[in-house]
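>>> mind folding the following:
(2 chains)
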Amino acid sequence: MAHGKPIYLDHAASTPLDAAVTDAVMRVLACTGSPDALHPSGESAAALLENARAQVAALIGADPDEVIFTAGATEARNLAVKGLLSANRARGRHAVASVVEHPAVLSALHSRQREGHEVSFVGVDRDGYISPETLAAAMTADTALVSVHHAQHEIGTIQDLGGLISAVRGRRADARIHIDAAESAGIIEIDVGDLGADALTMGGTALGAPPWSGALWLRPGARLHPLIEGGSQEFGKRAGPVDLAGAVALGVAANRVRTRIATRAAKRRRQIELLAARVLGIADVRLNGPAVADRLPGHLQVSVRGVTGESLALALATRGVEVSPGSTCTADAGKASPTLEAIGRDSVWTHSAILMTIGDATTDEELRRAAAVLASVVTDLRAMSPLDA
Amino acid sequence: MSDARIVDALGTHCPVPVRLLARAIARAPVGTKVRLLADDPLVAIDVPAWCHTHGHEIVQFTESGGTWTAIVVPTHAADRSRSDDTDASQMLI
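Next up, the predicted model:
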């Protein structure tokens, strides 16, 4: 079917780069010199790296020396979970997380279980909220780490970090707390000075940087072992040459959004309400997660009775609308979304989700057209779906 | 030691802890102490040697549970990170 430029609604996975970000990356790629070298070319590269570090730090109210660049948020999550547990063994060998953390956090915790750590996973309510009381109750005298997300990657629930962190500190003041803010940093204001956490993951996509860029903020004294050893790069917490282009992209993107977070969020909130009003008007389409006004701005996941999320995403793509199946990480295995199971959805809805996410350049007209195409695709798929018999 | 700048060198090995200490000292405001955390046993040799060479004072050096903590008072806070890095890189044992 002929159609023009696709309507791209998969910004949580990857987002178009602003010209300022692309230009900065291209300038870095044209340069020679390692930030670790002592000659002038190396010093130029080091200056670029440290400027990027300062830009990322400014976004979250941190000191530049507290920012470790990584290759995307997945690495930052792994570094936080494994690195904090390894370096804080004297505090204990128990960790706590919610059942709806990002797969990178869950997998990192499962790998620690194989190494002898104990892990407790706490459930969430029907909108995906973690209860502070439940979180604290899962802790023991041996709990060294609590890892929770700020905004949930599938259903957009925004956790009350103040309440959660206060509950954790009340149970054990020196437990390490990792906040996964990969979906929210750059869309919601975060100040690590006020947060009371020990580590915070950031991802490039939410900032408008490449998805392979990311960073981990680490509170001085939190104690963290590196995943990759063999050099003093990134304060000894990530050996090997830093991805300078990725770091600079993240820095430029952070600098662009730092003073625009409120307007960025307001636009996304207004636009997702526009989209939701139309999408939820389609018969047997259900919103997953909190009310539209309360969720991560620009983030909408719905389930469509009678069709699978993968079928929907593929059919939409053929008609020029690009979205993500509701749970990308489990779609290949044909499994139900663990997040949707955790919030109590039954199997009619857990396999039929799609995630639509808005970017800085998304227009109202694109959203109106996308909703109309979705309505048409749902009708067509239901007509041929055995699930809808 | 709330007034100390913390350098977390845990999980790194010689010469990285000394490099990180050198970087922190070079950037520390005048009068700021630097607290180094490390779990490479070689810091017991490297850090005193490097501090002695550069004239920095170690006011506390302890080991507990495999973690060494060194509290260093820099004698000056001039920006000398590059030369310090060079010196530290030669401390391979």
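>>> when you work out contacts or count neighbours from here on, use the C-alpha atoms and nothing else.
Noted.
>>> show me what from chain A comes close to chain B.
Neighbours of chain B within chain A, by CA under 8 Å from any CA of the partner chain: A:38, A:87, A:90, A:220-226, A:229-232, A:235-237.
>>> what about chain A, any weak spots by pLDDT?
Applying pLDDT under 70 to chain A picks out residues A:1-3, A:327-334, A:386-389.
>>> let me see the contact set for the residue of the stretch 251-389 of chain A found nearest chain B.
Closest contact between the stretch 251-389 of chain A and chain B, by CA to the nearest CA, is at residue A:251 (21.2 Å). Contacts for residue A:251 (CA atoms under 8 Å, 6 or more residues apart in numbering or on different chains) come out as A:51-56.
>>> and it, that one's in a strand?
No. Using DSSP: H, G, I helix; E, B strand; the rest coil, the secondary structure at residue A:251 is helix, not a strand.
>>> what residues are up against the closest residue to it other than its chain neighbours?
Spatial nearest neighbour of residue A:251, chain neighbours left out: residue A:52 (4.2 Å); criterion: CA to CA, 6 or more residues apart in numbering or on different chains. For residue A:52, the contact set (CA under 8 Å, 6+ apart) comprises A:247-252.
>>> repeat for residue A:192
Residues counted as contacts of residue A:192 (CA under 8 Å, 6+ apart) are A:60-62.
>>> what's the closest of these to residue A:326?
Checking the contacts of residue A:192 against residue A:326 by CA to CA gives residue A:60 as the nearest, at 29.0 Å.
>>> residues near that closest one, how many?
When neighbours are counted by other CA atoms under 10 Å in any protein chain shown, residue A:60 registers 20.
>>> same thing with residue A:170?
12.
>>> just to revisit the earlier point, list the buried residues for the strand or helix carrying the residue nearest to residue A:251?
Following DSSP states H and E, one finds residue A:52 within helix A:40-59. Buried residues in helix A:40-59, counted by 16 or more other CA atoms under 10 Å in any protein chain shown: A:42-46, A:48-59.
>>> the closest residue to chain B within the stretch 101-250 of chain A in helix, strand or coil?
Of all residues in the stretch 101-250 of chain A, residue A:225 sits closest to chain B, at 4.6 Å by CA to the nearest CA. The three-state label given to residue A:225 by three-state DSSP is coil.
>>> so which residues of the stretch 201-350 of chain A form strands?
A:214-218, A:285-287, A:299-304, A:321-322, A:324-325 (DSSP state E, counting those that start in this stretch).
>>> now the ones you listed in JSON lines, with mean neighbour count?
Listed next are the strands of the stretch 201-350 of chain A as JSON lines, based on neighbours: other CA atoms under 10 Å in any protein chain shown:
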{"stretch": "strand A:214-218", "mean neighbour count": "28"}
{"stretch": "strand A:285-287", "mean neighbour count": "18"}
{"stretch": "strand A:299-304", "mean neighbour count": "26"}
{"stretch": "strand A:321-322", "mean neighbour count": "24"}
{"stretch": "strand A:324-325", "mean neighbour count": "26"}
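>>> let me have those in a markdown table, extended by distance to residue A:269.
Below are the strands of the stretch 201-350 of chain A laid out as a markdown table (distance: least, CA to CA, whole Å):
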| stretch | distance to residue A:269 |
| --- | --- |
| strand A:214-218 | 24 |
| strand A:285-287 | 15 |
| strand A:299-304 | 8 |
| strand A:321-322 | 20 |
| strand A:324-325 | 19 |
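>>> now for the ones you listed, which one comes closest to residue A:258?
Of all the strands of the stretch 201-350 of chain A, it is strand A:214-218 that lies closest to residue A:258, at 15.7 Å by CA to CA.
>>> what helix or strand is residue A:366 on?
helix A:364-384.
>>> hang on, the earlier thing: how about the contacts of residue A:52, which pair is most distant?
Farthest pair in the contacts of residue A:52 (CA to CA) is A:247 and A:252. Separation: 8.7 Å.
>>> in chain B, which helix or strand is least confident?
helix B:81-89 (a mean of 42; mean pLDDT, DSSP states H and E).
>>> so which of the strands of the stretch 201-350 of chain A gets nearest residue A:109?
Minimum separation from residue A:109 across the strands of the stretch 201-350 of chain A (CA to CA) falls at strand A:214-218, 17.2 Å.
>>> so what does the nearest residue to residue A:213 once chain neighbours are set aside have for phi and psi?
Counting by CA to CA, 6+ apart, residue A:213 lies nearest to residue A:72, which is 4.2 Å off, once chain neighbours are set aside. Main-chain dihedrals, residue A:72, degrees, to the nearest 10: phi 90, psi 170.
>>> residue A:72 contacts residue A:207, correct?
No. In this structure, residue A:72 is not within contact of residue A:207 by CA atoms under 8 Å, at 11.9 Å.
>>> and those two? which has more neighbours close in?
residue A:207 (31 against 24).
>>> correct me, but that one touches residue A:252?
No. Residue A:207 is not in contact with residue A:252 according to CA under 8 Å; the separation is 9.4 Å.
>>> residue nearest the centroid of chain B?
The centre of chain B sits closest to residue B:21, judged by CA atoms, centre = their mean, with a distance of 3.2 Å.
>>> could I have the strand or helix carrying that residue exported to PDB, CA atoms only?
Here residue B:21 is covered by helix B:16-27, with elements defined by DSSP H and E. Provided in PDB are the C-alpha atoms of helix B:16-27 (Å, rounded to 0.1, in the frame of the first residue of the first chain):
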ATOM      1  CA  VAL B  16      44.100   2.600  38.500                       C
ATOM      2  CA  PRO B  17      43.500   3.400  42.200                       C
ATOM      3  CA  VAL B  18      46.500   5.800  42.200                       C
ATOM      4  CA  ARG B  19      45.400   7.300  38.900                       C
ATOM      5  CA  LEU B  20      42.000   8.000  40.400                       C
ATOM      6  CA  LEU B  21      43.500   9.400  43.600                       C
ATOM      7  CA  ALA B  22      45.800  11.700  41.500                       C
ATOM      8  CA  ARG B  23      42.800  12.900  39.500                       C
ATOM      9  CA  ALA B  24      40.800  13.700  42.600                       C
ATOM     10  CA  ILE B  25      43.600  15.500  44.300                       C
ATOM     11  CA  ALA B  26      44.200  17.600  41.300                       C
ATOM     12  CA  ARG B  27      40.600  18.600  41.200                       C
END
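>>> for chain A, tell me whether that helix is touching it.
Yes. Remark: helix B:16-27 sits within contact range of chain A at B:16-17, B:19-20, by CA under 8 Å from any CA.
>>> packing partners for that helix?
strand B:4-8, strand B:33-38, helix B:43-54, helix B:81-89 (3 or more CA pairs under 8 Å, 6 or more residues apart in numbering or on different chains; DSSP states H and E).
>>> most tightly surrounded among those?
strand B:33-38 (a mean of 25; mean count of other CA atoms under 10 Å in any protein chain shown).
>>> what parts of chain B come near chain A?
Residues of chain B found near chain A (CA under 8 Å from any CA) are B:5-13, B:16-17, B:19-20, B:65, B:82.
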